[in-house]
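here's a sequence, model it:
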Amino acid sequence: MSRRRLIGFGTAAAAFVAGCGTDNGKTTVAQPRTTTAATAVDVQAIPKAPQQAPAANAPAAVAARHAGAQPQQWGMEMDGITSTFAATGKQMAVTFDACGGPGNNDIDEVLLNLLISQQIPATLFLNKRWIDANPGRAAQLAANPLFELANHGVAHKPLSVTGRAAYDIAGTGSPQEAVDEVWANHERLTTLLGKPPRFFRAGTAHYDDVAVSIVNELGERPVGFSINADYGATASAAQVQNAMKAAQPGAISLAHMHRPNSGTAAGMTAALPALRAAGFTFVHL
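Numbering: from 1, shown residues only. From the prediction side, this is the model:
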């Protein structure tokens, strides 16, 4: 990990907690920072997940296979996490998380209306609690081909097999808990979509290397980001706009769609048309 990334982590910690903790009506502004991509993957070449996992990759089998495994890596960047993709020209992917849970089940309609009116494809990572709190809206999103719905877990936990925490949020504590964090929402989204989701992003976007293997074996691709656009929906509109200005071909931006009182929608309203005018096209993961 570079010294630059280490310097940025202190700021990121408070922001991620604010973005997916209980909304108390106060906004802690954090300076957005563009992160360095770890693994470039041609996401267009990633096969769609099978309708049913092979027996060897059934949830119980995956959990049993990793029982007792000791992780060697931890963080938001490592082999196996998709942080960028191999672009054809000036392409980038915009992604938005809905974290779910107390204070996090709202929806930023201004942001979604922007994406729809500008016809900007986006990948939406939905937490199971958010889907359960907004079943009708989730169904509308699923029916709109502009959006690809992806898995943001059940309880928004960092994905670990040892309980390792990120930003004071305890991670899943065993291979079985990691499987459960992925699989219950995998099933919920499969029912909603009529097909399995292809992508997973852990709560706080933190994983250990055993958990990365678990996600892959369950038929989903672990996803990170290369642009942290709104730092947990704590950034101002100007900060969101500035973060997005740093986009390079193949970038994956991360922002949030469950905080309508944040600066995210206004920042994206300024940034996305400007990126398009600069020659960028927006694609699904």
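
low-scoring pLDDT stretches of the protein, where are they?
Along the chain, the model assigns pLDDT under 70 to residues 1-19, 21-54.

for it, which segments count as helices?
For the chain, the helices defined by DSSP state H cover 3-20, 59-65, 109-117, 128-133, 135-143, 175-193, 209-217, 237-245, 264-277.

in contact with the residue nearest to the spatial centre of the chain, which residues?
Centroid-nearest residue in the chain: residue 201, 4.2 Å away (criterion: CA atoms, centre = their mean). Residue 201 makes contact with 95, 97, 125, 150, 151, 152, 153, 222, 223, 224, according to CB atoms under 8 Å, 6 or more residues apart in numbering. In short, each C-beta sits where N, CA and C put it, glycine included.

does the residue lying closest to the first one once chain neighbours are set aside have beta-bridge partners, and which?
Read that as residue 95. In space, and not counting its chain neighbours, residue 95 is closest to residue 123: 4.5 Å by CB to CB, 6 or more residues apart in numbering. Assessed by DSSP bridges, residue 123 has beta-bridge partners residue 95, residue 148.

was I right to think residue 213 contacts residue 71?
No. With contacts counted by CB atoms under 8 Å, residue 213 stays clear of residue 71, the gap being 9.6 Å.

ok, those two, which is more surrounded?
The neighbour count for residue 213 versus residue 71, taken as other CB atoms under 10 Å, is higher for residue 213 (21 against 17).

wait, what's in contact with that one?
For residue 213, the contacting residues are 66, 80, by CB under 8 Å, 6+ apart.

and residue 64, how many neighbours?
Counted with other CB under 10 Å, the neighbours of residue 64 add up to 12.

can you check residue 55 too?
8.

look up the closest residue to it, ignoring the ones flanking it.
Spatial nearest neighbour of residue 55, excluding adjacent residues (CB to CB, 6+ apart): residue 61 at 6.7 Å.

for burial, what's the neighbour tally of that neighbour?
Count around residue 61 with other CB under 10 Å applied: 15.

wait, it touches residue 67, no?
No. Residue 61 is beyond contact range of residue 67, at 10.9 Å (criterion: CB under 8 Å).

let me see the contact set for residue 214.
By CB under 8 Å, 6+ apart, residue 214 lies in contact with 62, 63, 66, 159, 161, 175, 178, 179, 182.

mind running it again at 6 Å?
Applying CB atoms under 6 Å, 6 or more residues apart in numbering, we find residue 214 in contact with 62, 178.

any idea how far it lies from residue 57?
According to CB to CB, to the nearest Å, residue 214 and residue 57 sit 10 Å apart.

which neighbours do these two share?
By CB under 6 Å, 6+ apart, no residue touches both residue 214 and residue 57.
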